[in-house]
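Chemist: generate a structure from the sequence data that follows.
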Amino acid sequence: MPMERMTAKKIRIKDLVSGEWNKMDGMEPSFIKTSRGENVSRARIMATVVSKFISDDENFGSITLDDSSDTIRAKCFKDLNVLQGVEVGQLVDVIGKVREYNDEIYLIPEIIRQVKNPNLVLLRRLELLKKSKSGPVKEKTQGEKDKEEKEDVRKLVLDMISKSKEGIEYKELIAKSGKTEAEIENIVNELLAEGICYEPSPGKIRKI
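Modeler: Got it, this is the predicted structure:
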């Protein structure tokens with residue numbers, strides 16, 4: 001039976017770094033347990049980039065994020081592509097896996113998207129405020145989890161297509177995303193139907 005992929009949960013940095021780290025064995029994902037009893041193994045954070053570091057050999061890179069509640073680092077090892085175009089001072093929306101080393105809670109970023117609409121910051125803060133007042137965390141239904149998982153895949157696919165100015169080959173999109181052909185085909189068909197993307201040539205996808 002395949003292991004369920006954890007949903008990226010919107011959260012304040014303070015709630016993440018002040019939580020209790022739970023190291024799991026085997027294939028079970030490790031996670032942070034927050035003060036609300038929420039288990040977070042993948043997080044989604046909207047914050048400002050306050051510093052950036054790339055090693056001389058370009059095998060390590062990191063950015064420090066500040067959302068006014070606290071700070072956290074997002075670290076990349078060997079593959080630094082996700083940090084391309086990210087600059088100090090930018091407001092970004094980050095989805096990443098939660099990790100811990102030497103008592104430091106940090107993220108392995110999967111997606112980093114610049115936020116250009118300041119109203120989205122207010123919206124996120126309102127979402128988190130409502131969440132903090134909602135009491136103990138309730139388990140999501142499988143349908144809700146599937147919907148959030150699909151939304152994460154859609155964002156990943158659209159981000160990859162957007163970064164390729166001349167478009168990206170369909171087979172390359174499948175290979176680099178790490179998703180199944182069925183998942184990618186479903187998302188791509190939606191993007192084409194919605195007029196967000198088009199096919200400049202057979203087997204190639206490009207954002208309009």
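Chemist: domain parsing for the chain?
Modeler: The chain is divided into the following domains under automatic domain parsing: 8-137, 144-207.
Chemist: which elements pack onto the longest strand along the chain?
Modeler: Longest strand in the chain, counting residues (DSSP state E): strand 42-54. If contacts are counted by 3 or more CB pairs under 8 Å, 6 or more residues apart in numbering; DSSP states H and E, strand 42-54 sits against strand 8-10, helix 13-17, strand 60-66, strand 71-77, strand 91-101, strand 104-114, helix 119-132. Backbone N, C-alpha and C define where each C-beta goes, glycine included.
Chemist: buried residues in the last one, which are they?
Modeler: Looking back up the chat, that one is helix 119-132. V121, R124, L128, K131 (16 or more other CB atoms under 10 Å).
Chemist: what about the first one, distance to D93?
Modeler: Distance of V121 to D93, computed by CB to CB, to the nearest Å: 10 Å.
Chemist: identify the contacts common to the two.
Modeler: Each of M46, V115 lies in contact with both V121 and D93 under the rule CB atoms under 8 Å, 6 or more residues apart in numbering.
Chemist: in this protein, where's the longest helix?
Modeler: The single longest helix within the chain, with elements called by DSSP state H, is helix 142-163.
Chemist: orientation of that one relative to strand 42-54 in degrees?
Modeler: 30 degrees (axes from the mean of the first three to the mean of the last three CA atoms, to 10 degrees).
Chemist: list the helices and strands helix 142-163 packs on?
Modeler: strand 104-114, helix 170-177, helix 181-193, strand 204-207.
Chemist: now render these as TSV, adding mean pLDDT, distance to I63 and mean neighbour count.
Modeler: What follows is the helices and strands packed on helix 142-163, written out as TSV (pLDDT from 0 to 100; distance: least, CB to CB, whole Å; neighbours: other CB atoms under 10 Å):
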stretch	mean pLDDT	distance to I63	mean neighbour count
strand 104-114	95	8	18
helix 170-177	82	21	16
helix 181-193	86	27	15
strand 204-207	87	24	18
